[in-house]
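Here is a sequence with its predicted model. Questions after.
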Amino acid sequence: WTGGRLKPSCYDDYAEYFVKWIQVMEKEGFDIHAITMQNEPLNPGNSMSLVMPWQDQKEFIKHLGPAMQKAGLDDVQILLFDHNYNYDDKDGQIDYPLNIYADPEAYRWADGSAWHAYGGYVTELDEINAHRREIEAQIIESVLAQIAQHPEQLFERVLVFSGQGWDTGVIGIVASRLMERFGKPCIMIAVEDGVGHGSARSFGDFSMFGCLTACEKHLRKYGGHPAAGGLTLAEEEIEGFIGSVAEYAAANHPEMPMLELKAACSLAPEQLTVEEVRSLSQLEPFGAGNPEPTFVIENARVLEIRPLSEGVHTKLRVEVQGAVYDALLFRTPPERVALSVGSVCHLMVRVGVNTYNNTSRVQMIVQDYRISGLKQLRILSALRTYESYRRGEPLSAALWQAITPSREECITVYKAVPAKGIQISALMLSMYMQDINACKLRICLDIFCELGLMEQNVCEDTVKHAPARKQVDLQASEILKHLQNKAKEAVHHG
């Protein structure tokens, strides 16, 4: 029972064993987030275990990955290695996962590596993490370049992107990143030698498996469940597939679900003590089946907004009922924070304890925020109307009149954009206070861009004045003419 190796002739059988084990566990109510192919694969002395050098694991994952995809288990991660940092110089341990990553077919199925921390140095992971982050960043940059060329893609109910030579082992992670960034289900398709391999992510009541099933005429194979899926199709079918996805979404979800953050409860200052926050450790470990709790902090007044790490992150200092706290926004530079000093807002946060110079303080990690008194549903409804308008869908007579900006409203929006530019989300809040809805605001910005007065970056959600501004006649805008004609028709038919 020790020291043996798995016969290549048994790879398919062992892969099927993994599939059945996961299915039975999930049927019994256990949410399986990830698996490894072998605990301590280089330890020949473990009872009831295999020795699995990287060469064996590299080949076995090529059987395990497809078996799990066929069974609709794409959301269960496959992690490589599962052994110690290289403190004991065991033969074959150096670069174990990197040797597997070097094989494109094996890398496609690997979601990461698992490590034991019994000794050695965690810095050994730096090279591996940097390698995957670099590939992930390259694919995201490629997608953002596509969006810059075709910004209308962002108005679709479901985002679908494809690219030549994308790493199939990373596109699932990228699909999740883009879903979170743009708040829409996302399908990523990596194309190689005329064949596309896709990974999809969804949320809410939009079933990705239902979507793929409805589009199966374009697919060679597919699998998954409501929140995730995998697919294979011929490159020439991608365009038709994208159209079918849009048709399915429009027919089944005229109003798409929106990403939601749910809080455990609201916290008052008397609960935000070091002792109370440290007591949350009793709930650990946190993970897919036991997420770290999120809390609401109501009516926090912003005292200070500071950049961290050369502007990569932002630190807020806020006051809540006389108590002062630090609140961090990771991966959000200050210029993208739609708050100002003096703003009163509700914060959705995770809490922790920061110790510095032997002094411990409660620290908040901001997940989201909202200006106090803001009617969020009103803004979301206006943005949905704007996307319907941009997709060319029919609008009611009342809506055509409601979204057509007057000359005075256009001037108000124009003057509200500073020369250096502004986050559109921040501009939206400013215009909200002046009773200019979010749809009408976005249309005003489209008009200014059409006339060469402004420039929008749809990926960064920013707008700024064009370098060489000139005097133009607002009525020269084809967008405005079209809207005014639609509004007049609505009045006439009304």
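Arrived safely.

neighbours around the closest residue to P151 other than its chain neighbours, how many?
Distances taken as Cβ to Cβ, 6 or more residues apart in numbering put V458 closest to P151, at 4.3 Å, once the chain neighbours are dropped. The C-beta positions use only the backbone N, C-alpha and C, and glycine is treated the same way. The local packing of V458 (other Cβ atoms under 10 Å) involves 18 other residues.

so V458 makes contact with A148?
Yes: at 7.2 Å, V458 counts as touching A148 under the criterion of Cβ atoms under 8 Å.

picking that back up, mind listing what the residue nearest to P151 touches?
By Cβ atoms under 8 Å, 6 or more residues apart in numbering, the residues touching V458 are 147-148, 151, 154.

next one: E59
Neighbouring residues of E59 by Cβ under 8 Å, 6+ apart: 8, 11, 106.

do that again at 10 Å, thanks
6, 8, 11, 100, 103, 105-106 (Cβ atoms under 10 Å, 6 or more residues apart in numbering).

now swap in E235 and tell me
With contacts defined as Cβ under 10 Å, 6+ apart, E235 is in contact with 162, 164, 189, 191-196.

repeat for I187
158-162, 171, 175, 178-179, 198-202, 208, 211-212, 215, 229, 231, 241-242, 245.

Can you list the residue ranges for helices in the stretch 51-200 of the chain?
54-70, 96-101, 104-109, 124-149, 171-182 (DSSP state H, counting those that start in this stretch).

Serialize the ones you listed to TSV and add fields for mean pLDDT and distance to N358.
Shown next, in TSV, are these (pLDDT from 0 to 100; distance: least, Cβ to Cβ, whole Å):
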stretch	mean pLDDT	distance to N358
helix 54-70	93	45
helix 96-101	84	39
helix 104-109	81	46
helix 124-149	86	29
helix 171-182	92	37
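
Same list, those, but as JSON lines with distance to V312 please.
Below are the helices of the stretch 51-200 of the chain laid out as JSON lines (distance: least, Cβ to Cβ, whole Å):
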{"stretch": "helix 54-70", "distance to V312": "34"}
{"stretch": "helix 96-101", "distance to V312": "27"}
{"stretch": "helix 104-109", "distance to V312": "29"}
{"stretch": "helix 124-149", "distance to V312": "14"}
{"stretch": "helix 171-182", "distance to V312": "16"}
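
Specify the stretch among these that is closest to L453.
Nearest to L453 among these is helix 124-149 (19.4 Å), distances taken as Cβ to Cβ.

buried ones in stretch 31-51?
32, 35-38, 40-43, 46, 49-51 (16 or more other Cβ atoms under 10 Å).

can you give me the strands in the stretch 151-300 of the chain?
159-164, 186-192, 195-201, 221-225, 228-234, 265-266, 295-308 (DSSP state E, counting those that start in this stretch).

can you list contacts of the lowest-mean-pLDDT helix or strand in the chain?
Every helix and strand of the chain was ranked by mean pLDDT, DSSP states H and E. The lowest is helix 104-109, at a mean of 81. The contact list for helix 104-109 (Cβ under 10 Å, 6+ apart) reads 54, 57-69, 77-78, 80, 97, 99-101, 132, 135, 165, 167-172, 190, 192, 197, 199.

ok so, going back, now for the contacts of V458, which pair is the farthest apart?
Farthest pair in the contacts of V458 (Cβ to Cβ) is A148 and L154. Separation: 10.5 Å.

Please enumerate the helices of the stretch 201-350 of the chain.
Per DSSP H, counting those that start in this stretch, the stretch 201-350 of the chain has helices spanning 208-214, 238-252, 274-278. These are given in chain order.

In a markdown table, list those along with mean pLDDT.
Output for the helices of the stretch 201-350 of the chain, formatted as a markdown table (pLDDT from 0 to 100):
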| stretch | mean pLDDT |
| --- | --- |
| helix 208-214 | 96 |
| helix 238-252 | 97 |
| helix 274-278 | 92 |
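
circling back: let me know which of the strands of the stretch 151-300 of the chain is the nearest to A338.
Comparison of these against A338 by Cβ to Cβ identifies strand 295-308 as nearest, at 11.0 Å.

counting contacts, what elements does the closest one pack onto?
strand 265-266, strand 313-320, strand 323-329, strand 344-356, strand 359-371 (3 or more Cβ pairs under 10 Å, 6 or more residues apart in numbering; DSSP states H and E).

So which of these is nearest V24?
Of all those, strand 344-356 sits nearest to V24, with 33.5 Å by Cβ to Cβ.

What strands line up against that closest one, and which way round?
Neighbouring strands of strand 344-356 in its sheet, by DSSP bridges, are strand 295-308 (antiparallel), strand 359-371 (antiparallel).

Off-centre distance for the longest one?
When you say that, I think you mean strand 295-308. How far strand 295-308 lies from its chain's middle: 24 Å, per Cα atoms, centre = their mean, to the nearest Å.

Having no further points to raise, I will conclude here.
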